[in-house]
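[1] below is the structure, and that's it, no one-letter string:
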């Protein structure tokens, strides 16, 4: 596993091409704790005391926070070696960064946690912090072929993370193994209680309204995963109602309003320093403000409907991305990852837990699939407990290939480790 010296040497050798880092932190004495000496990169949307944090925007050029974000403080207390800040899209929105996919420099690493995913994929960091409001951990992990985890809403503290949409912003992280995801989760999650392994999980393989937009390689990979997982789990096909195709629009309505509130001062005082995409999104949010309460009501109704759809399953499985990483002009389509992020927002409260044997096994099942390039698979776990409203396990297993070479076999996890 890469240590700090190896990570810094790799950065010196490769970051001129990949452009994952915005700035580096000076080396510090080795710490003690569960992450002692583990080299970690931090997305530049997350505050770091004494180290520039510009949120991907010229409005904050030269900004140096006086205090660490909660997640950074936890990492430091656990002994992690902070390498520096990684590129983020502007305020974690959609405008592409300078970062390139280390698997194919002509392709996007995804966004908004572009630099964090690329840094881990290229061996410049063992762990990297990202954030997700829609698909900003799940999609980059898929495109870069690494393991990624998006915490469920409320499972991590977002203090010190610049707001995009308050009700959906979450902290996540990238790694090169499921074990490292678990290691980071023990530090970053608010609780880390365990739960018994599931001997033979019951998995819902979802057919969704987004499938028509997916590349053939994604469908082929999902089919291979289905055959491989069938030796370890009960596989049940489940077709979601067409109404779930409206989740993208619902998500956009909610996020645009919350973003327009978060960026009100920037828009009013410095709108020329915002990208056209973000200016337009703020304006859309102001238009959508009157319907915000209705959007939240639709959100509550969607939760009830989806809970009924997946009742009795331990997990549901669907792609993490529509296909392989596109070119550098975009960060990619977030259809599936938006759905996953939206579902995590709507999930009931659940007890946290570390990655157990069943999750590590699920990841290894996916790794044995031998999928077609450009594909990705995600699955959400749910613990069956008909007597408790805390029934959701919220563990997501995913094989992430998503890059043009299709070399790595990663794992995207969204929910509670």
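    Structure received. These numbers come from a predicted model, not from an experiment.
[2] rest of the way, CA atoms for contacts and neighbours
    OK.
[3] surely residue 73 is in a helix?
    Yes - under DSSP: H, G, I helix; E, B strand; the rest coil, residue 73 falls within a helix.
[4] which residues does the residue most central in space within the chain contact?
    Central residue of the chain (Cα atoms, centre = their mean): residue 137, 2.0 Å from the mean position. By Cα atoms under 8 Å, 6 or more residues apart in numbering, residue 137 lies in contact with 111-113, 117, 130-131, 148-150, 172-174.
[5] how about it, phi and psi?
    phi -110, psi -50 (degrees, to the nearest 10).
[6] what do you get for the one 3 residues further on?
    Listed backbone geometry of residue 140 is phi -60, psi -40, with angles given as degrees, to the nearest 10.
[7] quick check: closest non-adjacent residue to it.
    Nearest residue to residue 140, sequence neighbours excluded (Cα to Cα, 6 or more residues apart in numbering): residue 110, at 4.3 Å.
[8] how far away is the one you found from residue 288?
    Separation of residue 110 from residue 288 (Cα to Cα, to the nearest Å): 27 Å.
[9] of these two, who's got more company?
    Using other Cα atoms under 10 Å as the criterion, residue 110 and residue 288 rank with residue 110 on top: 38 against 20.
[10] so the more buried one, which of the three states?
    Secondary structure, three-state DSSP: residue 110 is coil.
[11] what do you get for residue 165?
    Going by three-state DSSP, the state assigned to residue 165 is coil.
[12] check contacts around residue 67.
    When contacts are taken as Cα under 8 Å, 6+ apart, residue 67 is in contact with 47-50, 160.
[13] next one: residue 298
    By Cα under 8 Å, 6+ apart, the contact set of residue 298 is residue 250.
[14] now name the helix or strand holding it.
    Using DSSP states H and E, residue 298 sits within helix 292-309.
[15] list the buried residues in that helix.
    Residues of helix 292-309 classed as buried by neighbour count (16 or more other Cα atoms under 10 Å): 292, 295, 299, 302-303, 306.
[16] closest to residue 223 out of the residues you listed?
    Closest to residue 223 out of the buried residues of helix 292-309 is residue 306 (23.1 Å), distances taken as Cα to Cα.
[17] am I right that residue 70 is in contact with residue 189?
    No - contact criterion Cα atoms under 8 Å: residue 70 and residue 189 do not qualify, at 10.8 Å.
[18] anything in contact with each of those two?
    Counting by Cα under 8 Å, 6+ apart, nothing touches both residue 70 and residue 189.
[19] looking at the two, which one has more neighbours?
    Between residue 70 and residue 189, residue 189 has the larger neighbour count (other Cα under 10 Å), namely 24 against 19.
[20] how would you label the closest residue to that one other than its chain neighbours: helix, strand or coil?
    Closest residue to residue 189 apart from its sequence neighbours, by Cα to Cα, 6+ apart: residue 156 at 5.2 Å. On the three-state scheme (three-state DSSP), residue 156 is labelled coil.
[21] state the distance from residue 156 to residue 141.
    Counting by Cα to Cα, the gap from residue 156 to residue 141 is 19 Å.
[22] so which of these two has more stuff around it?
    Higher neighbour count among residue 156 and residue 141: residue 141, with 40 against 21, using other Cα under 10 Å.
[23] give me the nearest residue to the more buried one, chain neighbours excluded.
    In space, and not counting its chain neighbours, residue 141 is closest to residue 148: 5.4 Å by Cα to Cα, 6+ apart.
[24] quick one: pLDDT of residue 36?
    On pLDDT, residue 36 comes in at 97.
[25] could you look up the SS state of it?
    Secondary structure state of residue 36, per three-state DSSP, is coil.
[26] one step back: report the secondary structure state of the residue nearest to residue 141.
    On the three-state scheme (three-state DSSP), residue 148 is labelled strand.
[27] domain map for the protein?
    Following automatic domain parsing, the chain resolves into domains at 4-188, 202-248+291-415.
[28] let me see the mean pLDDT of the shortest one.
    Averaging pLDDT along domain 202-248+291-415 gives 66.
[29] begin at 310 from here
    From this message on, residue numbering opens at 310, which makes the last subject domain 511-557+600-724.
[30] circling back to that earlier point, how far does the helix holding residue 607 sit from its chain's centre?
    How far helix 601-618 lies from its chain's middle: 22 Å, per Cα atoms, centre = their mean, to the nearest Å.
[31] next structured bit after it?
    As assigned by DSSP H and E, the chain's next helix or strand after helix 601-618 is strand 624-627.
[32] touching stretch 640-648 from outside, list them.
    Contacts to stretch 640-648, defined as Cα under 8 Å, 6+ apart, come from residues 403-405, 417-421, 443-444, 447-448, 519, 556-557, 560, 627-631, 634-635.
[33] circling back: can you list the contacts of residue 376 in TSV and add distance to residue 346?
    Conversion of the contacts of residue 376 to TSV gives the following (distance: Cα to Cα, whole Å):
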residue	distance to residue 346
356	21
357	18
358	19
359	20
469	23
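[34] all set now, cheers.
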